[in-house]
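**Q** Turn this into a structure:
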Amino acid sequence: MLAYLRLYNRMSAQEIVSALGIGRNRLSARNLFLGILIFLAIFAISLSTGIIGAITGTQISTNTSLILASEPLWFYIFTFTITPLCEEALFRGLMVPRLGIIISAIIFGLGHASYDSTFAIDVIVAIVFGLIAGWAFKKTKSLYPSMLAHGLVNLLAVVAFVF
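**A** All right, here's what the predicted structure looks like:
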């Protein structure tokens with residue numbers, strides 16, 4: 001994605017940093033707090049899903065166990081560090097300005113589809129995340145909130161899987 005911006009749009013590194021809102025001037029307590037709020041919203045949705053499953057006696061599975069099963073340690077670290085940065089740069093930084101929040105959220109959700117997911121839970125939660133993260137990117141003109149939230153969501157998934 002960065003290569004696309006650099007080569008095809010002929011943007012300088014400084015213009016890319018500005019377009020993605022990842023410069024020092026966008027690293028604020030407000031943006032970090034918003035990232036934590038987004039994480040808490042997604043956590044509440046996931047927790048609600050688990051509670052509904054427990055109440056109804058329905059086994060609700062997600063793609064976490066499928067993706068993380070028997071992976072090496074570096075993959076776990078990659079999951080909550082590099083992956084959120086890359087996905088947020090692509091889906092929010094590149095797609096939101098060109099396709100809009102809704103289309104980019106749907107594509108993001110479909111990218112998280114899994115055959116083992118119950119009632120497409122992964123897709124629905126990812127679309128909701130994409131909508132919230134897209135809104136945050138438009139509002140703040142920064143990827144910091146969505147990158148932080150995405151990293152925390154993935155970290156929680158890794159911790160829950162490992163322990």
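**Q** Quick one: mean pLDDT over the longest helix belonging to the chain.
**A** Longest helix in the chain, counting residues (DSSP state H): helix 29-56. The pLDDT scores in helix 29-56 average 91.
**Q** Any stretches of this protein with poor pLDDT?
**A** Applying pLDDT under 70 to the chain picks out residues 1-9, 61-68, 115-119.
**Q** Would you mind listing the buried residues in the longest helix of the chain?
**A** Residues 31, 34, 35, 38, 39, 42, 45, 46, 49, 53 are the ones in helix 29-56 that count as buried (16 or more other C-beta atoms under 10 Å). Where you see a C-beta, it was placed from the backbone N, CA and C, and this is true even at glycine.
**Q** quick one: the strands in the protein?
**A** Along the chain, no segments are classed as strands by DSSP state E.
**Q** re earlier: now the buried residues of helix 29-56 in JSON lines, with distance to residue 143?
**A** Below are those laid out as JSON lines (distance: C-beta to C-beta, whole Å):
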{"residue": "31", "distance to residue 143": "9"}
{"residue": "34", "distance to residue 143": "11"}
{"residue": "35", "distance to residue 143": "10"}
{"residue": "38", "distance to residue 143": "12"}
{"residue": "39", "distance to residue 143": "15"}
{"residue": "42", "distance to residue 143": "16"}
{"residue": "45", "distance to residue 143": "21"}
{"residue": "46", "distance to residue 143": "22"}
{"residue": "49", "distance to residue 143": "26"}
{"residue": "53", "distance to residue 143": "32"}
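**Q** nearest to residue 104, of those?
**A** residue 38 (15.3 Å; C-beta to C-beta).
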